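In: Starting from these lines, generate the structure:
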Amino acid sequence: MDVGAKASELLSGLIDGSITSIDQIKLPAVLDWCIQMPPLPQPICLTLAKLVFRAIQTFELPKPIVKIIASEKFVQFLNDLILNETDDAESISSALNIFVFLAGENNLTEKNRQKFFIDTKHKTLHQLTKRILTFVEAANVDLQKATMICLITLVLSIPQNTFNPIIPAILVHDYFNAFFNSFLTLFNESTPFTSDFLLRIVSVPENCTQFFNGTNTIQVVVDMLLRRIGEVEYNDDEAFTLLMGLDGFLQNSDYKKFEKPRYKEDEIRALLSDLRKSPEVPKDTKVLAGSVLAHWDRAIEKK
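Out: Predicted coordinates:
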């Protein structure tokens, strides 16, 4: 069988809507093509990645199929595809989005994540991150967004108290500034999980200092957090996450380096006071608002 031609035919069917059932794709056979040894030529693998992601988008996959996609061999297929040199933006976006599907839906088992993302005997997540970061400045907007969401999702997929090799790779990478600017864009668009990512960054002092190292950082952080906190319901979980982010930033950043430490002081005090007095705000959020205010005053005193 001409696998390349068949894969292209199936992909076209998904795009034009002529394929209406997952059974028409025979996905187990498609996944076998992805992981066969020796690997198929790269152009065919690129088409297969697009086909698998399109199937994920179109249908609710049966658990046995998801299990194959989350298998060691298929994760290795994705790793190899991303690490190989190619300028096929759609295929790379598809591979990144499959990672998001696996990590975001908790489909990737801890064993597989440990083996392929952290174990240095394999292509590590640190290596993968360095390659993924090169797509942050891609001309293709869809690839840019897929890159950012993939990195954010993978950061959050690693348990809080486990060494996270992605964050250091991001912080020291040549593309860090591009990542930071893209992150601000996503954050301001209220993209899911960006608040959780920010909280993960500011919770470690060395990460926080490196991530927010510009002289205008205080304005950037305060502006985006004030706006986002103002947009969510005060009793919403995200309000608590955003406050935690602000609290972590005040405690763990090198505040002495920042200019204008009293930037928007009146707005901050008014917001925190409102949170502490509002009957709709949960007790934990009220306590946290008081903590933020205390840490903010302390940070200004250091200045």
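
In: Please make it C-alpha for all contacts and neighbour counts, starting now.
Out: Noted.

In: Contact partners for residue 194?
Out: 152, 183, 186-187 (CA atoms under 8 Å, 6 or more residues apart in numbering).

In: What separation is there between residue 57 and residue 15?
Out: 11 Å (CA to CA, to the nearest Å).

In: so for the lengthiest helix in the chain, what's the average pLDDT?
Out: Secondary structure of the chain read by DSSP state H shows that its longest helix is helix 283-302. The average pLDDT within helix 283-302 is 78.

In: circling back to that earlier point, and the contacts of residue 194, which of them are in helices?
Out: Those of those lying in helices (DSSP H): 152, 183, 186-187.

In: Would you mark the buried spots in the longest helix of the chain?
Out: Across helix 283-302, burial judged by 16 or more other CA atoms under 10 Å covers 285-286, 288-289, 291-293, 295-296, 299.

In: Of the ones in helices among the contacts of residue 194, which is the most crowded?
Out: residue 152 (22 neighbours; other CA atoms under 10 Å).

In: which ones are touching that residue?
Out: Applying CA under 8 Å, 6+ apart, the residues near residue 152 are 193-194, 197.

In: What ranges does the stretch 1-150 of the chain have for its strands?
Out: In the stretch 1-150 of the chain, no segments count as strands under DSSP state E, counting those that start in this stretch.

In: so where is it shaky, pLDDT-wise?
Out: 104-126 (pLDDT under 70).

In: how about a cut-off of 90?
Out: Along the stretch 1-150 of the chain, the parts satisfying pLDDT under 90 run over 1-4, 21-23, 25-27, 37-40, 60-89, 96, 99-150.

In: contacts for the helix or strand where residue 250 lies?
Out: Take DSSP states H and E as the rule and residue 250 turns out to sit in helix 237-252. Outside helix 237-252, the residues within contact range by CA under 8 Å, 6+ apart are 195-196, 198-199, 202-206, 208-209, 222, 225, 228-229, 232-233, 285, 288-289, 291-292, 295-296, 299.

In: Counting neighbours, which bits of it end up buried?
Out: 238-252.
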